[in-house]
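Novice: one predicted model, sequence on top.
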Amino acid sequence: MKKVRVPVILALLIMVFLGGTTLYAKLTYGYVTPGPDTWYRKDVEGFQYAASLVGVEVVVLNSDYDTEKEIANINTLVNMGVDGMCIFSFNPNGAFIAARECAAAGVPLVVTDNVGQVLTSPDEIVACIDFDWKGMGVNVAEYIANNYPGEKIAIIMGLFEHIPVQMFRESFEPKVAELGKNEIVAVRDGKYTPTVAVDQAQDLIESGYDFTILFVFNEEMGAAVVRMLKGRDLLNNPIKVITTNGAPYGIELIKEGGIQYSISTSPGWEGLVSFLALHSYVKGQITDKRQQILLPNTPITPETIDDKTKVVPWDVDPVWIELTKTYFPQYNDLEVY
């Protein structure tokens, strides 16, 4: 039998005694976001958009990349008696702490941007939501091999300790070696910071590394590197930039030829799917726990660049619902659409 937490009971009693017109409290979900980065903000917006469609309140707490603040935010939401929680943690431990605290309080938890690491926790969660980073690594390696055989590759990743970075490298680097058409000459940490990525790219050039393909892990860093290469008359002469994300500014650079190839990964759509995973469990439609839900990777090419079902918008867009119906039909009866 499902436990009803004390704060929910009190809320119901208060409404009855105050002469409320409904016997049911409005659902409230908590969302712990790691910081103000554009990706994180868009993830929150997707979650809030889905919540608005069914009248669910969302309390968002920002951790500002501070581990102690993240733990405090988790505990604050638990103590508020939220009906469910979503966490996007900037470090692997945050998800495990959230799993422990939520399990103890009986709060359903969904972890965004986590490819199953927290599923190893003894504390059950509802689901992990993320993109297929390993599949993405294979895709990019195959694209380079097929389109630029014989050319050497330099890499600027995000934070080396970030799990998606590790998973991409675990598939990309072995796949490049397996295909045998390219060689990786250097791997640098761009720390998800455009200025750092530019410094790393400049150092690679000035240190004499021999490469003509520069893979940059996201388009925010990639756009800054493109500007630097253009200023040095090296863009596509000979250095070609490949990246991931499908951000609006990245799309424009692909159209202009500044970026040769990218992978569409919409944080807004990820936020919407995270909400649906949580809400379907809270409403009792789906009772499974420890779900791993991976959003598809779609290549951005000249043929797909104007197709929203392939290059998924970062900003709120009805196409998210169309895509969700196609890729995640388990949510079609949830009365959200």
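Specialist: In hand now; what should we look at?

Novice: following the helix or strand of the chain with the lowest mean pLDDT, which helix or strand comes up?
Specialist: One helix or strand of the chain scores below all others by mean pLDDT, DSSP states H and E: helix 6-17, with a mean of 38. Using DSSP states H and E, the next helix or strand after helix 6-17 towards the C-terminus is strand 28-33.

Novice: run through the neighbouring helices and strands of that next one.
Specialist: Helices and strands touching strand 28-33, by 3 or more CB pairs under 8 Å, 6 or more residues apart in numbering; DSSP states H and E, are helix 38-53, strand 57-62, helix 67-80, strand 84-87, helix 267-282. (C-beta placed from N, C-alpha, C; glycine too.)

Novice: list the contacts for the closest residue in space to Trp39 that isn't next to it in sequence?
Specialist: Distances taken as CB to CB, 6 or more residues apart in numbering place Pro267 nearest to Trp39, at 4.7 Å, with adjacent residues excluded. Counting by CB atoms under 8 Å, 6 or more residues apart in numbering, Pro267 touches Trp39, Tyr40, Lys42, Asp43, Gly46, Trp314.

Novice: redo that, cut-off 6 Å
Specialist: By CB atoms under 6 Å, 6 or more residues apart in numbering, the contact set of Pro267 is Trp39, Lys42, Asp43.

Novice: Ala105: which of these is nearest?
Specialist: Asp43 (23.5 Å; CB to CB).

Novice: please report the distance of that closest one from Gly180.
Specialist: 38 Å (CB to CB, to the nearest Å).

Novice: repeat that for Gly55.
Specialist: For Gly55, the distance to Gly180 equals 56 Å [CB to CB].

Novice: quick one: buried residues of stretch 307-322?
Specialist: Lys308, Lys310, Val311, Val312, Pro313, Trp314, Val316, Asp317, Val319, Trp320, Ile321 (16 or more other CB atoms under 10 Å).

Novice: how much space between the fourth one and Thr287?
Specialist: Separation of Val312 from Thr287 (CB to CB) stands at 29 Å.

Novice: likewise for the first one?
Specialist: With the distance defined as CB to CB, Lys308 ends up 33 Å from Thr287.

Novice: quick one: contacts for the residue nearest to Asn218 when sequence neighbours are not counted?
Specialist: The shortest distance from Asn218 to any non-neighbouring residue, by CB to CB, 6+ apart, is to Asn245 (4.8 Å). Asn245 sits next to Asn218, Glu219, Thr265 when contact means CB under 6 Å, 6+ apart.

Novice: hmm, try it at 7 Å
Specialist: Applying CB atoms under 7 Å, 6 or more residues apart in numbering to Asn245 gives the contacts Asn218, Glu219, Ser262, Thr265.

Novice: wouldn't the last one be in contact with Gly250 here?
Specialist: No. Look at Thr265 against Gly250 with CB atoms under 7 Å: they stay out of range, at 10.5 Å.

Novice: quick revisit: more crowded one of Asp43 and Gly180?
Specialist: Asp43 (28 against 9; other CB atoms under 10 Å).

Novice: those helices in this protein, which residues are they?
Specialist: In the chain, the helices defined using DSSP state H lie at 6-17, 38-53, 67-80, 92-105, 133-147, 163-179, 194-206, 219-231, 248-256, 267-282, 319-327.

Novice: isn't Asp113 right up against Trp133?
Specialist: No. Taking contacts as CB under 7 Å, Asp113 lies outside contact range of Trp133: 9.8 Å.

Novice: which neighbours do these two have in common?
Specialist: Common neighbours of Asp113 and Trp133 (CB under 7 Å, 6+ apart) do not exist.

Novice: picking up where we left off before, so which of the buried residues of stretch 307-322 comes closest to Asn146?
Specialist: Of the buried residues of stretch 307-322, the one sitting nearest to Asn146 (CB to CB) turns out to be Lys310, at 18.7 Å.

Novice: identify each buried residue in stretch 221-239, please.
Specialist: Met221, Gly222, Ala223, Ala224, Val225, Val226, Met228, Leu229, Leu235, Ile239.

Novice: for the last one, list each beta-bridge partner.
Specialist: Which is Ile239. Leu235 (DSSP bridges).

Novice: ok, Tyr249 - contacts?
Specialist: By CB under 7 Å, 6+ apart, Tyr249 lies in contact with Glu219, Ala223.

Novice: same thing but 10 Å
Specialist: By CB atoms under 10 Å, 6 or more residues apart in numbering, the residues touching Tyr249 are Thr38, Glu219, Glu220, Gly222, Ala223, Val226, Ile259.

Novice: how far away is the fifth one from Tyr249?
Specialist: To tie it back to what came earlier, the one meant is Ala223. Note on Ala223: its distance to Tyr249, by CB to CB, is 5 Å.

Novice: need the overlap of contacts for those two.
Specialist: Ile259.

Novice: quick one: low-confidence parts of the protein?
Specialist: Applying pLDDT under 70 to the chain picks out residues 1-25, 114-116, 337.
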